[in-house]
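S.K.: What follows is a predicted structure for the sequence shown.
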Amino acid sequence: EEYRSLGYYGLSGSSPWPIEGVIKMVLTVIGGWLELTFQKENGYTRMICKPGTAREGHLNGKTVHNWQHFSAYPGFFISGIV
């Protein structure tokens with residue numbers, strides 16, 4: 001059989017799907033969801049401080065790091081497509 005260079009390899013080299021890219025995209029979506037869902041402050045909806053608090057309308061400093069981590073996930077997702 002003639003050797004073919006591929007940008008991806010499937011399971012045991014015979015799968016028509018680019019398994020590596022699909023796994024990377026799926027795990028990226030799961031990781032991003034987990035990063036934003038399981039925070040200390042009531043989930044991702046609390047990125048902005050609640051009305052009636054001293055910092056109303058300002059960024060919640062306790063959750064900014066989660067959004068910073070999440071901002072890396074789109075790059076991993078795109079690399080799964082490529």
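M.R.: Nice, thanks for sending it over. Residues are numbered from 1 along each chain as shown.
S.K.: Would you mind listing the buried residues in the lowest-mean-pLDDT helix or strand in the chain?
M.R.: Counting by mean pLDDT, DSSP states H and E, the weakest-scoring helix or strand in the chain turns out to be helix 64-70, with a mean of 79. Going by neighbour count (16 or more other C-beta atoms under 10 Å), the buried part of helix 64-70 is Asn66, Phe70. Every C-beta, even on glycine, is put in place using the N, C-alpha and C of the backbone.
S.K.: Run through the neighbouring helices and strands of the next helix or strand after it.
M.R.: Going down the chain from helix 64-70, the next helix or strand is helix 73-81, by DSSP states H and E. Here helix 73-81 is seen to pack against helix 19-37 when contacts are counted using 3 or more C-beta pairs under 8 Å, 6 or more residues apart in numbering; DSSP states H and E.
S.K.: quick check, distance from the helix it packs on to the centre of its chain.
M.R.: 5 Å (C-alpha atoms, centre = their mean, to the nearest Å).
S.K.: For that helix, list every residue counted as buried.
M.R.: Gly21, Lys24, Met25, Thr28, Gly31, Gly32, Glu35, Leu36.
S.K.: Would you mind giving these as JSON lines with distance to Val64 and pLDDT added?
M.R.: JSON lines is the format used below for the buried residues of helix 19-37 (distance: C-beta to C-beta, whole Å; pLDDT from 0 to 100):
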{"residue": "Gly21", "distance to Val64": "31", "pLDDT": "85"}
{"residue": "Lys24", "distance to Val64": "26", "pLDDT": "91"}
{"residue": "Met25", "distance to Val64": "26", "pLDDT": "93"}
{"residue": "Thr28", "distance to Val64": "21", "pLDDT": "95"}
{"residue": "Gly31", "distance to Val64": "18", "pLDDT": "90"}
{"residue": "Gly32", "distance to Val64": "16", "pLDDT": "86"}
{"residue": "Glu35", "distance to Val64": "13", "pLDDT": "80"}
{"residue": "Leu36", "distance to Val64": "12", "pLDDT": "75"}
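S.K.: Could you identify the most distant pair in those residues?
M.R.: Gly21 and Leu36 (23.0 Å; C-beta to C-beta).
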